[in-house]
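[1] Here is my input, please return the structure:
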Amino acid sequence: MMDPGKGVATHNQGLLPIEPGTRLGPYEVQEVIGQGAMGVVYRAYHAELERVGAVKVLQAIGPDSDSKARFQREAQAIAHMRHPNILNVYDFGEYGGTPYMIVEFVPGGSLADRLRSGPVDRQAALAFLRGIAEALDYAHSLGIVHRDVKPANVLLGPDDTPILADFGLAKLLESTSIRSITGITTGTPAYMSPEQVTGSEVGPAADRYSLATIAYELFTGAYPFDGEGVLEMLYAHVHREPPPPSSRNPELGPGVDGVILRGLAKNPDERWHTCEAFVEALAIAVEAGPAAVARTATAPLIRSVAPSSPQTPQAPQRAGATAVLEPPLPATQRVPPPGLERTVAIAPPVAEKRKTRRSRYLAGAAALMLLLLVAGYCGLSALNGPTLTLSPTTARAGDRVVVTAGRVPANQVGEIQLHSAVFIVPFRSDKNGKVSTILTVPSDTPIGDHTARICWGGSCHAQATLRVVGAVALVGPSATPSAPAQSQSPSPTASAPPTTAPAGGSSPSPTQAPAPKPSSQPNPLPSPSPAPRPSPSPTPPPPPPAPSISVNPSHITLLSRTITVSGLHFGVNQSITISVVQGGSTKQQVTTTAASNGSFSKSMTVSTTVLTGSATITACDAGNACASQTITVTLT
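    Numbering: from 1, shown residues only. Here you go, the predicted structure:
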C-alpha cells in the first residue's frame, strides 16, 4: 500500500496513490478492469458483505479545494438516487489527495460493446432505449442532469437490462484544469447537444438530445453526423440538420424519421418533453412500419402466349409482388398441352408513377385528417375551457366582488389577477373544479374597464371585464344652496302670512324679494333635511386584512429541504392546507390548523418531486382564503 502523503506528491506526476492491495474502508482494491477520461477503474471486494464493487479513481478532478468540494456535493446527490436502471453508488471519498467512488459492479459490458459486435434488432433497441429513458426521467425529477449520455455509459446487467452510469461526472470535469476538447469531449462529440457545444445553459433537454442520438445509431448503425472530424461534428450539431434515419435504413418509415428528428431539434423547447414520451412515440412509429405502398399492380395487362412458343417460364415471384418480364431466353421446356394457353401478368409501365402518385394522395389525405382532428380538438377545448364570472360587473374602488369560476382542474392552486394595475388574489379550486372567492377592488384602482383573469401553471385560462366607476356624489354643504333653492319657491307662499305680518318690514322686503333672502331665512329649517340623505350609502367598512404567509428559508437545495411556513389573517381555528406547486402541478400537500387569532406556523420538508427552479408555496383555509410565496430550489 502506498503512503497517502507520497501519493499526493506523485499525483501531479501521473502516479495514482490507489493501486491493487489498497484498502478503502471495508473494500480491498483488486485488479484494473478499465480506464477512461475520468481515470482508472479497479475491481474491489467487500469481504464482510461478500460483495464485488468497482472503484473509479477520479484523477481527472483537480486537487484544488473547489474541485474537491464540488465532487463531494455531486457524489452526495448521485448517491441518493435509487433506480433499477441507474448504477448504485456504494461509497465515495478521498485517498492520498485523489477522489474515488465505489459503485456497483456490472460484468455484462456496455451498450457500446454490443453495438461494435453487430446490429441490434428493433425490439432489443426499444428495450434499451426504454430503460435509459426511465433512468433519465427519474434523475431529472430530482434535478440531476447526466450531461454525458452515450452507449459507453450504458452498462448491460442481467437479461441485458440497461444500467446508466457516470451521472454528474461530466459536470465535475467542467471545473477541472483539463477543460479542453481532448478532455471533455473525448468519445462524446457524437452525442453532445447544441447547447453543450455552445456552452449555453444545460438542462434535461440535453440528455434527451443524447438519447435521440443513441436511438438514431441503434436504428441506422451510424451517427446523425457521421464520417466527420471532431470539430466538424460539433459544428454540425449546432448548424446542420441530420439526414432522416430512413435515408440510411430504408426499412424505417417517415414516422420514425419524425420522432427521432424531433428529438434532435436544435431548440431544446422543441424536443420531446420527457424521455419516456420519446421512446413510446418511437415504439408506435416502429410498429406502424413504412407508409403503406401498393405491392401489386392495380390493372395488370394480360397477354396470351401460344403453346408452341418456345419461351422459358419465368421464375416464381414472391406473393403479392409485381413481376416485369425480361426478354425470353430460348430453352428446352415442357410444352403445355394443345388447346391451352398460358397467361402472364405484366405490370404496366407506369406502375411506379401511379404508386408514387397514390402515395402522395394518401399522405395528403392523412395530413388533412390530422389537421381536422387538431382543429376539432382545439375547438372542443375552447368550448370546454374554464369559465370566469364577476358579480357585480360594475364596482367602485373598495367594493368587494364575488369571483366564481368553473371547469378548473380539481384542487388546482392559482391566482385571480386584476389588470391594468396588477392585483393578485390566490385561490384553490374544490374537488369539482369550481372556484369562489372575494376580490376587493384596490382603493387606488383608476376609473375604467379592467380585466380579471384566472391563472395557474404559468398561464391564464379565462378572463372577464370589471368596470370601476367613481363614488356616488354625497349631499354636502356645497349642495345645500342649490337643492333648497328649487324647493324654496313654494316655501315663501306657504309662509307669506308670517312674512307680511310685520308691516314695518316692507323696506327690507323688496331687498329680499329675490330668492336669496327667503333662502337665507329658512336655512335653519331645511338644514336637517339633507342630513339623512347620506345615511342610505354610508362609507363601507374597511375590508378585513388579506391572508399572508412567509416562508423561511425562501431558498433551499436538493439536500436541505426543510422550510417553515407562517401565516396571518386566516380563518380562526380553520384547517389550513399548504401546497407546493411547480410547473402547474401540485407536488405536495400538508395540513395544519390556524390558531384563535388566525395565525399558524408549520415546519415541513419539501418533497423530492420538487425539482430545481422556482416553486410556489400556497396556504388556503377552509373558506378558500389563500396566500402564496415563491421559493427557489437549487442543486447545491
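
[2] Test of understanding: give the bridge partners of residue 102.
    Using DSSP bridges, the bridge partners assigned to residue 102 are residue 55, residue 91.

[3] Run through this protein and note the low-pLDDT ranges.
    Scanning the chain for pLDDT under 70 picks out 1-16, 36-38, 60-64, 168-187, 227-228, 291-359, 374-384, 420-422, 470-543.

[4] Which residue ranges make up each domain of it?
    Domain segmentation of the chain under automatic domain parsing yields 4-104, 111-288, 352-384, 386-470, 545-636.

[5] Let me have the ones you listed in CSV, extended by mean neighbour count.
    Placement of C-beta: from N, CA and C, glycine included. Putting those into CSV (neighbours: other Cβ atoms under 10 Å) gives the following:
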stretch, mean neighbour count
domain 4-104, 17
domain 111-288, 19
domain 352-384, 11
domain 386-470, 16
domain 545-636, 17
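
[6] Next, find the distance separating the nearest residue to residue 270 once chain neighbours are set aside from residue 403.
    Of all residues not flanking residue 270 in the chain, residue 262 sits nearest, at 7.0 Å (Cβ to Cβ, 6 or more residues apart in numbering). In this view, residue 262 and residue 403 are 40 Å apart by Cβ to Cβ, to the nearest Å.

[7] Pretty sure the residue nearest to residue 270 sits against residue 272.
    Yes: in this structure residue 262 lies within contact range of residue 272 using Cβ atoms under 8 Å: 6.3 Å.

[8] Alpha carbons of the longest strand along the chain, as PDB, please.
    When the chain is parsed with DSSP state E, its longest strand is strand 459-469. What follows is strand 459-469, C-alpha atoms only, in PDB (Å, rounded to 0.1, in the frame of the first residue of the first chain):
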ATOM      1  CA  SER A 459     -50.600  31.000 -18.000                       C
ATOM      2  CA  CYS A 460     -54.100  32.500 -17.800                       C
ATOM      3  CA  HIS A 461     -57.100  30.500 -19.000                       C
ATOM      4  CA  ALA A 462     -60.200  32.700 -18.800                       C
ATOM      5  CA  GLN A 463     -61.000  36.400 -18.200                       C
ATOM      6  CA  ALA A 464     -63.900  38.800 -17.600                       C
ATOM      7  CA  THR A 465     -64.200  42.600 -17.600                       C
ATOM      8  CA  LEU A 466     -64.800  44.600 -14.400                       C
ATOM      9  CA  ARG A 467     -65.900  48.300 -14.800                       C
ATOM     10  CA  VAL A 468     -64.700  50.500 -12.000                       C
ATOM     11  CA  VAL A 469     -66.800  53.700 -11.500                       C
END
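
[9] Give the pairing partners of that strand; include direction for each.
    Strand 459-469 is paired, per DSSP bridges, with strand 394-396 (parallel), strand 448-456 (antiparallel).

[10] Compare the ones you listed and give me the one nearest residue 248.
    Minimum separation from residue 248 across those (Cβ to Cβ) falls at strand 448-456, 44.9 Å.

[11] export the closest one as CSV, just CAs?
    What follows is strand 448-456, C-alpha atoms only, in CSV (Å, rounded to 0.1, in the frame of the first residue of the first chain):
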residue,chain,number,x,y,z
GLY,A,448,-62.5,52.5,-16.3
ASP,A,449,-62.6,48.9,-17.6
HIS,A,450,-60.2,46.4,-16.1
THR,A,451,-59.6,42.7,-16.9
ALA,A,452,-59.9,40.0,-14.3
ARG,A,453,-58.1,36.7,-15.2
ILE,A,454,-57.8,33.3,-13.7
CYS,A,455,-54.3,31.9,-14.0
TRP,A,456,-52.4,28.8,-13.0
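
[12] ok, residues contacting that strand?
    Strand 448-456 is contacted from outside by 386, 388, 390, 403, 405, 408-409, 412-421, 427, 435, 439, 460-468, 584, using Cβ atoms under 8 Å, 6 or more residues apart in numbering.

[13] how about a cut-off of 6 Å?
    For strand 448-456, the external contacting residues (Cβ atoms under 6 Å, 6 or more residues apart in numbering) are 388, 390, 405, 412, 414-419, 460-468.

[14] Determine the three-state secondary structure at residue 546.
    Following DSSP: H, G, I helix; E, B strand; the rest coil, residue 546 is assigned to coil.

[15] got the CA coordinates for the host helix or strand of residue 93 in PDB?
    Residue 93 is part of strand 89-95, with elements assigned from DSSP states H and E. What follows is strand 89-95, C-alpha atoms only, in PDB (Å, rounded to 0.1, in the frame of the first residue of the first chain):
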ATOM      1  CA  VAL A  89     -23.100   4.300  -5.600                       C
ATOM      2  CA  TYR A  90     -21.900   2.400  -2.500                       C
ATOM      3  CA  ASP A  91     -19.300   4.900  -1.200                       C
ATOM      4  CA  PHE A  92     -17.100   7.800  -2.100                       C
ATOM      5  CA  GLY A  93     -14.200   9.600  -0.500                       C
ATOM      6  CA  GLU A  94     -10.600  10.700  -1.000                       C
ATOM      7  CA  TYR A  95      -7.400   8.800  -0.600                       C
END
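
[16] Fine by me, we can end here.
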